[in-house]
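Peer 1: I'd like to go over a predicted model; first the sequence, then the structure.
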Amino acid sequence: MSKKIGFIGLGTMGFPMAVNLKKAGFEVIGYDAFKGVYEKASAAGITMVETITEVAQQADEAIISMVRDYAQNVDVIFGEGGLLSAQPINKTIIVMSTLAPDTMNELGKKVGEESELTLISAAVSGGASGAQAGTLSIMTSGSEEIVKSFKPYFDAIGSNTFYYGAEPGNSQVAKLVNNMILGVNMNAVAEGLKLGNHYGLPEEEIFNLLKVSTGDSWVVRNWSDVSEWTADTALAVLLKDLIATYNEGIKHNISMPFNALSSTQLFNSMGKEKPKA
């Protein structure tokens with residue numbers, strides 16, 4: 001008999017992740033505040049329920065939360081009709097949302113003190129295309145024993161899973177590190193192309209050079225997609241993470257000037273004004 005896993009938040013990322021869990025043989029108990037997704041989800045074989053309480057009641061051992069932010073996670077867990085209303089025992093909530101590291105630690109502490117649930121964090125990288133293909137990179141933290149036991153779930157939605165220690169917020173730090181390097185590298189590639197274009201160098205040949213030389217990177221190899229990112233989609237998400245990284249640096253007195261420059265450049269490329277201090 002297949003395990004039942006709860007899944008809350010079937011949006012752009014969550015829906016294909018839930019579908020891949022279903023394809024891997026798990027029974028997915030789904031819930032989303034937007035009822036428009038229910039018909040599509042049901043057609044994909046996901047068992048959709050009307051309340052979060054039902055998710056908590058029916059899930060065997062784990063419930064994935066793929067909602068937007070801290071406030072929504074608090075509402076999912078502690079709100080009226082939330083997970084705790086079912087009084088679940090010996091179950092784990094896997095928070096796959098992107099939160100600030102300290103915020104994730106606070107959420108983990110709150111769950112531990114006020115419920116019989118366990119919380120682990122599992123930030124993801126790879127975007128909507130990675131979610132659809134089941135090739136996400138998954139950055140986990142929390143109980144190592146639980147993370148290891150949930151490997152079949154992670155394998156169903158991603159290609160690589162990494163573990164960063166007991167503090168739930170550690171996985172969020174790992175995601176910020178990855179996205180900071182992505183942002184810096186995007187700006188480096190764009191500036192290199194600008195110089196090459198000024199001298200009339202064929203752009204295709206620049207990329208042919210980079211792909212076999214020391215300037216190679218994921219950004220170089222995926223520039224055709226990266227260059228199509230817009231202010232309403234991937235760039236907005238990346239900018240949010242660059243700002244979060246900047247705030248972490250200020251908070252902990254860690255100098256990251258390239259991140260600050262990349263944030264400013266990304267603001268400019270999106271046609272936004274630099275925020276006032």
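Peer 2: Cool, got the structure.
Peer 1: Could you use CA atoms for every contact and neighbour count after this?
Peer 2: Noted.
Peer 1: Would you mind finding the longest strand in this structure?
Peer 2: For the chain, the strand that runs over the most residues, judged by DSSP state E, is strand 117-125.
Peer 1: what comes up buried for that one?
Peer 2: 117, 118, 119, 120, 121, 122, 123, 124, 125 (16 or more other C-alpha atoms under 10 Å).
Peer 1: any idea which of the residues you listed is closest to residue 86?
Peer 2: Of all the buried residues of strand 117-125, the one sitting nearest residue 86 is residue 117; the distance, using C-alpha to C-alpha, is 11.2 Å.
Peer 1: The closest one bridge partners, please.
Peer 2: Partner residues in beta bridges with residue 117, using DSSP bridges, are residue 91.
Peer 1: Residue 256 is in contact with residue 248, isn't it?
Peer 2: No. Using C-alpha atoms under 8 Å, residue 256 makes no contact with residue 248, being 9.9 Å away.
Peer 1: These two: which has the busier surroundings?
Peer 2: residue 248 (19 against 14; other C-alpha atoms under 10 Å).
Peer 1: what does the longest strand of the chain contact?
Peer 2: Judged by C-alpha atoms under 8 Å, 6 or more residues apart in numbering, the contacts made with strand 117-125 from elsewhere in the structure are 88-98, 104, 108, 111-112, 136-143, 147, 168-169, 171-172, 175.
Peer 1: Next secondary structure after it?
Peer 2: Going down the chain from strand 117-125, the next helix or strand is helix 127-133, by DSSP states H and E.
Peer 1: Partner strands of the helix or strand following that following helix and their direction?
Peer 2: Tracing the chain C-terminally past helix 127-133 and defining elements by DSSP H and E, one meets strand 136-141 next. The strands beside strand 136-141 in its sheet (DSSP bridges) come out as strand 117-125 (antiparallel), strand 158-163 (parallel).
Peer 1: State the mean pLDDT of strand 136-141.
Peer 2: For strand 136-141, the mean pLDDT works out to 98.
Peer 1: Kindly report the same for stretch 40-55.
Peer 2: Per-region confidence: stretch 40-55 scores 98 on mean pLDDT.
Peer 1: for stretch 207-220, same thing?
Peer 2: Per-region confidence: stretch 207-220 scores 97 on mean pLDDT.
Peer 1: Buried residues, that stretch. List them.
Peer 2: Burial within stretch 207-220, assessed by neighbour count using 16+ other C-alpha under 10 Å, is assigned to 207, 210, 217, 219, 220.
Peer 1: In helices, which of the residues you listed appear?
Peer 2: Secondary structure assignment (DSSP state H) places 207, 210, 219, 220 from those within helices.
Peer 1: Return the member of the residues you listed nearest to residue 181.
Peer 2: Looking at those and their distance to residue 181, the nearest is residue 219, at 10.3 Å (C-alpha to C-alpha).
Peer 1: Excluding residues flanking it in the chain, which one is nearest residue 73?
Peer 2: residue 67 (6.5 Å; C-alpha to C-alpha, 6 or more residues apart in numbering).
Peer 1: Residue 9 reaches residue 31, doesn't it?
Peer 2: Yes. With contacts defined as C-alpha under 8 Å, residue 9 counts as touching residue 31 at a distance of 6.4 Å.
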